[in-house]
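A.B. asks: output the structure for:
(chains A and B, ligands or ions: 2)
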Amino acid sequence: MSESKTADLTSVAMTPRRNSRMGDTLAYWMPKLVLSPTLIIVLVFFYGFILWTGYLSFTNSRMLPSYDFVGWANYVRLFNNERWFVSLRNLAVYSVLFIVICLAIGLSLAILLDQKIRAEGALRTIYLYPMALSFIVTGTVWKWMLNPQVGIEQFVRSLGWETFRFDWLVDPNFSIYTIVVAAVWQSSGFVMALFLAGLRGVDDSIIKAAQIDGASRFMIYTRIIIPSLRPVFFSAFVMLAHIAIKSFDLALALTGGGPGVSSDLPAIFMYQMSFTRNQMGLGAASAMIMLLTVVAILVPYLYSELRTKKHEH
Amino acid sequence: MASLNITNVEKSFGHTHILKGINMDIQDGEFIILVGPSGCGKSTLMNCIAGLEDVTGGQICIEDHDITGVLPKDRDIAMVFQSYALYPNMNVRKNISFALEIRKLPKAEIEREVERVAKLLQIEHLLDRKPGQLSGGQRQRVAMGRALARHPKIYLFDEPLSNLDAKLRVEMRTEIKKLHQRLGTTIVYVTHDQIEAMTLADRIAVMKDGHIQQFGTPQEVYDNPANRFVAGFMGSPSMNFIDTELVNHEGQVCVKLLVMDQLHYLPTPSSERGLLERVGQKVVLGIRPEQITHVIPHYASNPSTFIVKAKIDVIEPTGPDTLVLVKMNEQEVNCRVEPHEAGKPGETMSLMINMSKTVFFDPITGERL
Ligand SMILES: Nc1ncnc2c1ncn2[C@@H]1O[C@H](COP(=O)(O)OP(=O)(O)O)[C@@H](O)[C@H]1O
Ligand SMILES: [Mg+2]
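C.D. replies: Ligands and ions are numbered 1, 2, ... in the order given. Here you go, the predicted structure:
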């Protein structure tokens, strides 16, 4: 009797299991099915086009893609091109200044805002506001502000300081710095928000412990809080680096790469070669160099960051 | 090592008054436990002692020096936090030596001090690790180590063990007690654990709503609670409170107790003076569960013990004892009996009530009569 009972039990148990196997199959394939269009789109339009650009950089494409293979010729031309070097140097100057200044201003603002001041919410919104603008708008606004005839220079002169000069926008030696100014204005509020969130995440009792240990306010920040914000620095750096390398629209709207080619950036170089100057092969080669640069900077950084994190936890 | 005198300390955040006149005189080397419900201001008081919060009134003295306005670092106090508050970016050695480095001690001396503390707490093998790589118990030790370095005058512990699991908590409790016996430093220690409070304290301060309700030795607080709140807060399971009436029965002041339709007149202990003038009034009888037991023959003849028959509602075995829930004056009452003497729910059993340690409260104010 007990045997028949167990048999009964197993048959009862079997039936729903068979049903659930179908359910399992569905549950297994459903996410893959749902995600596959996105996956295909990413594969084709992201990695596919990277590969295609890579291929084009070895051809003699001009206005339209062609498939005549010319080996490394485009790369040789690229690195014999004066303008390419100008744009590379500009990018280096621009991104280093942009990242460093943004981090410094963002961190300082966050620390100031963290002092339990009044109207913090309002100030936070004001600092964050530029982030809501597109780079094109930022570029256009700063183009007017920096224009010697209508902008800051004119304004200060109208206040009576007749000899005041602020003409970086039209000075080939300084035009790249105007892009730095505009980009910092746009992005440092966002970096501040990142740091503020990080500061707020620091355990209050750690600060109390440090006070009892005798650390001054300055020491608490430099020795304890800021070092513990390492992950925030990392996120901010990655975001800023990627904004810097992509800053094509801002430069185009603000200086257009000028005067002359003095504020040219690789992205502008690439765009003009590929689409306005009928040098698609050369443009593709410059695009590949940009890609490799990004990879060369970010991958080791990502790797070391993620590895130490795994060790710490 | 130092005495600590807290006089009329008040603390408000805006219009919310958190501490409403705290007075505590703590002797050199005493182990003081601060207990109270969550939000009653225990941490606020600790922060005021440490100087992390400015008091809005009153005075704090260490060794008869007024330190009310002194910065935390100059008070020579160390504090251990519930969250341990270790510096996440420094290894254990740095965590311990940080305060010493700030005080610009010579390198050799700092090293010696770290060695000493590490040895004392058995964390020598952890010195080069970061806090993130330690278990909860190890972090707790490091937090203590950080407090022990630099020989402060007073230690403050704010619920240091409440993030540990039960077994580790008992171990650390013993170690803290040993440590105090060895070092003899004044300690103020916040906990919400009854047993921690009873076992560690030289004196217990029970706090509620920003007032100290009672400040006395564990035994005083347990046997002679100042009011109904203290009586209910200390002890687990907590004291039974039975609404009853004082009557004059055969020349003695008695309380009326109705158990299973049988009315009993139980004489109040002679130590409870002042009950005489309340005869005829309603009072609250406070009696601890261990004062109501199964019948123990050679105690039964004791003049302060009485035997009643009661119906068992619920039983809760705890291991060493079984808690038996019965009804007296239509109210639930916990009794503590030997496991093999306890009956089953629904049965009746004889219970022996020891009236010698009962206490009485005003039913409205909750004050001790
Ligand atoms: N910085 C502060 N600002 C305003 N209210 C506070 C502040 N710190 C604590 N409080 C309030 O004081 C009360 C007591 O807090 P606390 O001392 O932390 O209680 P506990 O006894 O649980 O440690 C709580 O109601 C809390 O909300
Ligand atoms: Mg607290």
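A.B. asks: list the contacts of A:Glu77.
C.D. replies: I think there's a mix-up here, since residue A:77 is Arg and not Glu. By Cβ atoms under 8 Å, 6 or more residues apart in numbering or on different chains, the contact set of A:Arg77 is A:282, A:285. (Each C-beta comes from the backbone N, C-alpha and C, glycine too.)
A.B. asks: check it and give its pLDDT.
C.D. replies: pLDDT for A:Arg77: 85.
A.B. asks: same question, A:Ala284
C.D. replies: Here, the pLDDT recorded for A:Ala284 equals 89.
A.B. asks: how many other residues sit next to it?
C.D. replies: By the criterion of other Cβ atoms under 10 Å in any protein chain shown, A:Ala284 has 25 neighbours.
A.B. asks: B:His211 too?
C.D. replies: B:His211 is flanked by 16 other residues according to other Cβ under 10 Å.
A.B. asks: surely it meets B:His17?
C.D. replies: No. Applying Cβ atoms under 8 Å as the test, B:His211 and B:His17 come out as separate, 10.5 Å apart.
A.B. asks: quick one, what contacts the residue nearest to the spatial centre of chain B?
C.D. replies: When Cα atoms, centre = their mean is applied to chain B, the residue found nearest the centroid is B:Ala197 (3.6 Å). B:Ala197 is in contact with B:33, B:35, B:191, B:204, B:218, B:234, counting by Cβ under 8 Å, 6+ apart.
A.B. asks: isn't there a strand covering the first one?
C.D. replies: Yes. Residue state for B:Ile33 (DSSP: H, G, I helix; E, B strand; the rest coil) corresponds to a strand.
A.B. asks: so what sits opposite it in the bridge?
C.D. replies: On the basis of DSSP bridges, B:Ile33 is bridged to B:Tyr189, B:Ile204.
A.B. asks: find me the pLDDT at it, would you?
C.D. replies: pLDDT at B:Ile33 comes out at 96.
A.B. asks: list the contacts of it.
C.D. replies: B:Ile33 touches B:189-191, B:196-197, B:200-201, B:203-205, counting by Cβ under 8 Å, 6+ apart.
A.B. asks: quick check: the residue of chain A nearest ligand 1.
C.D. replies: Nearest residue of chain A to ligand 1, counting by Cβ to the nearest ligand atom: A:Asp204, 9.2 Å away.
A.B. asks: what's the burial count for that residue?
C.D. replies: Neighbours of A:Asp204 (other Cβ under 10 Å): 12.
A.B. asks: ramachandran coordinates for it?
C.D. replies: phi -60, psi -40 (degrees, to the nearest 10).
A.B. asks: let me see the contact set for A:Ile224.
C.D. replies: Contacts of A:Ile224 by Cβ under 8 Å, 6+ apart are A:206-207, A:210, A:215, B:87, B:89-90.
A.B. asks: which phi and psi does it have?
C.D. replies: Dihedral pair for A:Ile224: phi -120, psi -50, per degrees, to the nearest 10.
A.B. asks: looking at this, B:Val333 is in a strand?
C.D. replies: Yes. Assessed with three-state DSSP, B:Val333 lies in a strand.
A.B. asks: that one and B:Phe241 touch, don't they?
C.D. replies: No. Counting by Cβ under 8 Å, B:Val333 does not reach B:Phe241; the two are 9.2 Å apart.
A.B. asks: more neighbours: which of the two?
C.D. replies: Just comparing B:Val333 and B:Phe241: by other Cβ under 10 Å the higher neighbour count belongs to B:Val333, 23 against 19.
A.B. asks: could you find the closest non-adjacent residue to that one?
C.D. replies: The shortest distance from B:Val333 to any non-neighbouring residue, by Cβ to Cβ, 6 or more residues apart in numbering or on different chains, is to B:Asn240 (4.7 Å).
A.B. asks: what number of residues lie near that neighbour?
C.D. replies: For B:Asn240, the neighbour count with other Cβ under 10 Å is 22.
A.B. asks: and it, how far is that from ligand 1?
C.D. replies: 26 Å (Cβ to the nearest ligand atom, to the nearest Å).
A.B. asks: if we can go back for a sec, adding distance to A:Phe155, write the contacts of B:Ala197 out as JSON lines.
C.D. replies: Below are these laid out as JSON lines (distance: Cβ to Cβ, whole Å):
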{"residue": "B:Ile33", "distance to A:Phe155": "68"}
{"residue": "B:Val35", "distance to A:Phe155": "67"}
{"residue": "B:Thr191", "distance to A:Phe155": "65"}
{"residue": "B:Ile204", "distance to A:Phe155": "71"}
{"residue": "B:Pro218", "distance to A:Phe155": "76"}
{"residue": "B:Met234", "distance to A:Phe155": "74"}
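A.B. asks: so which of those residues is the closest to A:Asn173?
C.D. replies: B:Thr191 (68.7 Å; Cβ to Cβ).
A.B. asks: which residues sit in contact with that closest one?
C.D. replies: B:33-35, B:159, B:161-162, B:197, B:200.
A.B. asks: check what pLDDT the residue nearest to B:Val333 gets.
C.D. replies: B:Asn240 carries a pLDDT value of 95.
A.B. asks: tell me, how many residues neighbour residue 26?
C.D. replies: Let's take chain A. Look at A:Leu26: counted by other Cβ under 10 Å, it has 10 neighbours.
A.B. asks: let's do chain B instead
C.D. replies: By other Cβ under 10 Å, neighbour count at B:Ile26 equals 23.
A.B. asks: returning to that earlier point: show me which of the contacts of B:Ile33 is closest to chain A.
C.D. replies: Nearest to chain A among those: B:Val190, at 13.0 Å, using Cβ to the nearest Cβ.
A.B. asks: these two touch, right, the closest one and B:Phe157?
C.D. replies: Yes. Assessed by Cβ under 8 Å, B:Val190 is found in contact with B:Phe157 at 6.6 Å.
A.B. asks: now the contacts of B:Ile33 as JSON lines including distance to B:Pro72 and pLDDT?
C.D. replies: Shown next, in JSON lines, are these (distance: Cβ to Cβ, whole Å; pLDDT from 0 to 100):
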{"residue": "B:Tyr189", "distance to B:Pro72": "18", "pLDDT": "96"}
{"residue": "B:Val190", "distance to B:Pro72": "17", "pLDDT": "95"}
{"residue": "B:Thr191", "distance to B:Pro72": "22", "pLDDT": "92"}
{"residue": "B:Glu196", "distance to B:Pro72": "26", "pLDDT": "90"}
{"residue": "B:Ala197", "distance to B:Pro72": "26", "pLDDT": "92"}
{"residue": "B:Leu200", "distance to B:Pro72": "25", "pLDDT": "94"}
{"residue": "B:Ala201", "distance to B:Pro72": "25", "pLDDT": "95"}
{"residue": "B:Arg203", "distance to B:Pro72": "25", "pLDDT": "96"}
{"residue": "B:Ile204", "distance to B:Pro72": "26", "pLDDT": "96"}
{"residue": "B:Ala205", "distance to B:Pro72": "22", "pLDDT": "96"}
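A.B. asks: good, wrapping up.
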